[in-house]
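Chemist: sharing a model prediction with you, sequence too.
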Number of protein chains: 4
Amino acid sequence: MQELSKSEIKRNALIKATISLVINNGFHAAPMSKIAKMASVSPGTIYLYFENKQDLINKVYLEIKTAFATHAFANYDATLNVQEGFRNIWFQIADYKLMQIEEAMFLSHCDNTPMIDEDSKKEGIKHLQPLLDLWKRGQEEGVIKNCCPYILYAYTVYPLAFLMNAKQKKDITINEEYIQNAFLLAWDSIKQ
Amino acid sequence: MQELSKSEIKRNALIKATISLVINNGFHAAPMSKIAKMASVSPGTIYLYFENKQDLINKVYLEIKTAFATHAFANYDATLNVQEGFRNIWFQIADYKLMQIEEAMFLSHCDNTPMIDEDSKKEGIKHLQPLLDLWKRGQEEGVIKNCCPYILYAYTVYPLAFLMNAKQKKDITINEEYIQNAFLLAWDSIKQ
Amino acid sequence: MQELSKSEIKRNALIKATISLVINNGFHAAPMSKIAKMASVSPGTIYLYFENKQDLINKVYLEIKTAFATHAFANYDATLNVQEGFRNIWFQIADYKLMQIEEAMFLSHCDNTPMIDEDSKKEGIKHLQPLLDLWKRGQEEGVIKNCCPYILYAYTVYPLAFLMNAKQKKDITINEEYIQNAFLLAWDSIKQ
Amino acid sequence: MQELSKSEIKRNALIKATISLVINNGFHAAPMSKIAKMASVSPGTIYLYFENKQDLINKVYLEIKTAFATHAFANYDATLNVQEGFRNIWFQIADYKLMQIEEAMFLSHCDNTPMIDEDSKKEGIKHLQPLLDLWKRGQEEGVIKNCCPYILYAYTVYPLAFLMNAKQKKDITINEEYIQNAFLLAWDSIKQ
DNA sequence: TATGAATGAGCGTTCATTCAT
DNA sequence: AATGAATGAACGCTCATTCAT
């Protein structure tokens, strides 16, 4: 693995600190001074890496969204049949949401509040193109319901955010069987 | 309909203003001074109706949650069979989420951020009991998958929040057929 | 004793409430609303009896000061010799300061802070004239030191405020012997 | 004398401003904004040096009390006989109270109102130990009356607060002879 | 690059005072 | 005479941002 420069280390520390503070107390309880302290950096230093607080939040969002998409499609092979392809992606997404819980919580926060510029949100969505392509193929092959992708997303990926929150609050415990179950509902939902 | 007293009118105006500001800009961008201005009231007046900002937010949350539950079960008849009962509730919920969009967005905000006391959240959940009872009956009758209610909720009600957000951003347009479609996915998801 | 009119009862209740709140928490923790509540009166009503908060405080001060002076000279007989006359007044003052502790504490507060208009303070001092006259006579007779009355007051009456505070804080307990002792110091201090 | 750092200069300016405003208008009329302005500093800056308003007041109190005690015992020599020792301390105290008038007025304010935490008051009292020790010795030698130290303090040190207030209001003018006189009353008061 | 003291606008909240009833 | 809801200026305090070092 490549060495990280001092700059990169600091930048990463700031991002980690931002995520941690925002998910635990919300945007309004994540002051720049605390972010700085948690990243072992002076408040002024943040402004060497980010234009301002909004920019920091936007950048954190985009980087996580990118990492999320990378993870989602890490094993994906476009030659798989539709169900196998979907299973493949869905389990990677579930794995991310339920294991990289801090990052996933941050995304959930952002997607449900006006924390993030609408522009950055649009930017972030682009990364999901392979999933949209797969669904389109599935619909052409008649194995997936003929719904717009928003509905398909709402009933397959979005529910994971709810389960993630419930897990975080210790309302539920998640194991292998639990996830298999959840996948079944996702697939039954959209399959033709 | 009964006349509202001056007090009730003011209280309602404050609640409306709070909802409107929070969903458009988030908790941290809904200062008491703006809430007051939007409700055509002096800042000090808010404190005649609510103890402090947190209390205001909690009360708004609980009142909306109650109204939401009332709406959800307004037509519900416990003698209906499971599928009909579920359809009945689901459509009422969909109606609320997609028509009372401001209130529904507010609930979504609250459920995805630490804006609300955990106590108030717990309080708010109680209202959904009839739906949980229905699911239990469905499972006993073998018509609904044997999942914990969190999963059932995640795949039937929670997706509506996503569609609501998409509608709000004008990414999608929702009509009768669209909702019928969405219901189909919800039911296919949880049915045995 | 004469019946009090409703007005007088309310006015007295307001004065009592003011004293009680000021001595327990200071001027800045005695809001008009609390004074009103403690006097079982509406905030607006205060302004029927007093012009504003400053006027209320001034009036309370003057009335207590008058009651204090009345008590101080209640038994005084100008035909007594100087030492007896002084003893007479001093014990009455001590009695007031150590028994009417709320009122005395209020006076102490006022005399050591800028709560009260300088005019009202000047007004309040006038009531002590008989004591000043006695001292003058004592000086003419050569039984009291030839000091200005400020010094005489500082070494005879003012020390009682300190003892009163100490008693209030339960640092000391005061009994008959204690007071006799205190008088001895007062007299030794000013006697020729 | 050592140079003061910029920080120390600001801190001192804040303390001076606090004293000045409190003694002229009382605690409730010494808002942080005025303190800041008088110290030529922004309101936010106060909070770099003090935790909050109460902490500012407490710290000012304790620092003045310490300076006062230092002054009081600056010339004191425990080998002096009781009367000489007492004279020594008393004159130093008088010098402080009548010359460092702002600081002394501040202490008087604090000691007569609930401005200060009871803890800080207790802390502040400790500094007077040498005077208490001297009085004890005086009592053992039979030169000082057998009273509790509260009484001795009330008749020797406390009267100076009254004279200080009178001087401040220009009711009296104080010169060397005046102080010599005052000392005589103090000593006559407590001597056996 | 990096710092952190300093800023000052803006926050949530209080409270002396008013006025329609 | 009496109320108490309503006001809004002013409070204590926070925090995103700047800038001299």
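Modeler: Structure's in. What do you need? Numbering: from 1, shown residues only, chains lettered A, B, ... in the order given.
Chemist: phi and psi next, for A:Lys191.
Modeler: Phi and psi for A:Lys191, reported as degrees, to the nearest 10, are phi -70, psi 150.
Chemist: same check, this time on A:Ile144
Modeler: phi -120, psi 140.
Chemist: low-scoring stretches of chain A, by residue?
Modeler: Where chain A drops to pLDDT under 70, the residues are A:1-2.
Chemist: again, only using 80
Modeler: Within chain A, the stretches with pLDDT under 80 are A:1-4.
Chemist: now do the strands in it.
Modeler: Here chain A has no strands by DSSP state E.
Chemist: quick check, the residue in it closest to DNA strand E?
Modeler: As assessed by CB to the nearest atom of the strand, DNA strand E sits closest to A:Gly44 within chain A, at 1.8 Å. In this view, the C-beta of every residue, glycine as well, is placed from N, C-alpha and C.
Chemist: next, count neighbours for the residue of chain A found nearest chain D.
Modeler: Nearest to chain D, among the residues of chain A, is A:Ser33, at 11.8 Å (CB to the nearest CB). By the measure other CB atoms under 10 Å in any protein chain shown, the count of residues near A:Ser33 is 11.
Chemist: same thing with A:Ile101?
Modeler: Neighbour tally, A:Ile101, other CB under 10 Å: 15.
Chemist: spit out the contact partners of it.
Modeler: Going by CB atoms under 8 Å, 6 or more residues apart in numbering or on different chains, A:Ile101 touches A:Met164, A:Lys167, A:Gln168.
Chemist: what's around A:Asp77, how many residues?
Modeler: Other residues close to A:Asp77 by other CB under 10 Å number 9.
Chemist: if you could redo that for A:Thr18, that was the one I meant.
Modeler: Neighbours of A:Thr18 (other CB under 10 Å): 26.
Chemist: what distance do you get for it to A:Lys169?
Modeler: 22 Å (CB to CB, to the nearest Å).
Chemist: residue contacts, the closest residue to A:Ala69 other than its chain neighbours?
Modeler: Excluding its sequence neighbours, the residue lying closest to A:Ala69 (CB to CB, 6 or more residues apart in numbering or on different chains) is A:His127, at 3.3 Å. With contacts taken as CB under 8 Å, 6+ apart, A:His127 has the following neighbours: A:Lys65, A:Thr66, A:Phe68, A:Ala69.
Chemist: swap the cut-off to 7 Å and go again
Modeler: A:Lys65, A:Thr66, A:Ala69 (CB atoms under 7 Å, 6 or more residues apart in numbering or on different chains).
Chemist: what sits against the second one?
Modeler: It stands for A:Thr66. Taking CB under 7 Å, 6+ apart as the test, what A:Thr66 contacts is A:His127.
Chemist: gap between it and A:Gly124?
Modeler: From A:Thr66 to A:Gly124 the distance is 8 Å (CB to CB).
Chemist: now swap in the last one and tell me
Modeler: According to CB to CB, A:Ala69 and A:Gly124 sit 8 Å apart.
Chemist: go on, A:Ile179?
Modeler: Going from A:Ile179 to A:Gly124 by CB to CB gives 24 Å.
Chemist: near DNA strand F, which residues of chain A are found?
Modeler: Listed as neighbours of DNA strand F in chain A under the rule CB under 7 Å from any atom of the strand: A:Ala29, A:Ala30, A:Pro31, A:Met32, A:Ser33, A:Pro43, A:Gly44, A:Ile46, A:Tyr47, A:Asn52, A:Lys53, A:Gln54.
Chemist: tell me the contacts of the fourth one?
Modeler: Read it as A:Met32. A:Pro43, A:Ile46, A:Lys53.
Chemist: who wins on neighbours among those residues?
Modeler: A:Ile46 leads those on contacts (other CB under 10 Å) with 24 neighbours.
Chemist: ok, back up a step: ok, the contacts of A:Met32 vs B:Glu102, which is closest?
Modeler: Using CB to CB, A:Lys53 comes nearest to B:Glu102 of the contacts of A:Met32, at 26.9 Å.
Chemist: ok, the closest one - contacts?
Modeler: Contacts for A:Lys53 were tallied using CB under 7 Å, 6+ apart; they are A:Met32.
Chemist: what of A:Ala39?
Modeler: Counting by CB under 7 Å, 6+ apart, A:Ala39 has contacts A:Lys10, A:Ala13, A:Leu14, A:Ala17.
Chemist: nearest spatial neighbour of the second one, skipping sequence neighbours?
Modeler: This means A:Ala13. A:Ala13 sits nearest to A:Ala39 (CB to CB, 6+ apart), 3.9 Å away.
Chemist: between A:Ile179 and A:Gly124, which one's more packed in?
Modeler: A:Gly124 (22 against 17).
Chemist: could you measure from that one over to chain B?
Modeler: Using CB to the nearest CB, to the nearest Å, A:Gly124 is found at 13 Å from chain B.
Chemist: hang on, the earlier thing: quick check: of the contacts of A:His127, which lies closest to DNA strand F?
Modeler: Using CB to the nearest atom of the strand, those come closest to DNA strand F at A:Lys65, 21.4 Å.
Chemist: can you count the residues close to the closest one?
Modeler: So A:Lys65, with other CB under 10 Å, has 24 neighbours.
Chemist: from what I can see it touches A:Ile125, true?
Modeler: No - A:Lys65 is not in contact with A:Ile125 according to CB atoms under 7 Å; the separation is 8.2 Å.
Chemist: hmm, stretch A:179-192 touching chain B?
Modeler: Yes - Stretch A:179-192 lies within reach of chain B by CB under 7 Å from any CB of the partner chain, at A:Asn181, A:Ala182, A:Leu185, A:Asp188, A:Ser189, A:Ile190.
Chemist: domains in chain A, as residue ranges please.
Modeler: Taking automatic domain parsing as the reference, chain A has its domains at A:1-49, A:61-190.
Chemist: pick the most deeply packed of these.
Modeler: Of all the domains of chain A, domain A:61-190 carries the top mean neighbour count, a mean of 18, counting by mean count of other CB atoms under 10 Å in any protein chain shown.
Chemist: that domain: how far from the chain's middle?
Modeler: 8 Å (CA atoms, centre = their mean, to the nearest Å).
Chemist: next, the distance between the ends of it.
Modeler: When the termini of domain A:61-190 are compared using CA to CA, to the nearest Å, they are 28 Å apart.
Chemist: rewinding a little: among the contacts of A:Met32, which one lies nearest to C:Ile151?
Modeler: Nearest to C:Ile151 among the contacts of A:Met32 is A:Pro43, at 58.1 Å by CB to CB.
Chemist: get me the contact residues on chain A for DNA strand E.
Modeler: So chain A meets DNA strand E at A:Lys6, A:Ser7, A:Lys10, A:Val41, A:Ser42, A:Pro43, A:Gly44, A:Thr45, A:Tyr47, A:Leu48 (CB under 7 Å from any atom of the strand).
Chemist: which two among those residues are spaced furthest apart?
Modeler: A:Lys6 and A:Pro43 (18.3 Å).
Chemist: could you export stretch A:76-91 as CSV, CA atoms only?
Modeler: Extracted C-alpha coordinates of stretch A:76-91, given in CSV (Å, rounded to 0.1, in the frame of the first residue of the first chain):
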residue,chain,number,x,y,z
TYR,A,76,-19.8,-7.1,-10.0
ASP,A,77,-19.5,-8.7,-13.3
ALA,A,78,-21.8,-7.4,-16.0
THR,A,79,-21.9,-10.9,-17.6
LEU,A,80,-23.8,-12.3,-14.7
ASN,A,81,-27.5,-12.9,-15.2
VAL,A,82,-29.9,-10.3,-13.8
GLN,A,83,-30.8,-12.0,-10.5
GLU,A,84,-27.2,-13.0,-9.8
GLY,A,85,-25.9,-9.5,-10.7
PHE,A,86,-28.5,-7.9,-8.5
ARG,A,87,-27.8,-10.3,-5.6
ASN,A,88,-24.1,-9.5,-6.0
ILE,A,89,-24.6,-5.8,-5.8
TRP,A,90,-27.3,-5.9,-3.1
PHE,A,91,-25.1,-7.9,-0.8
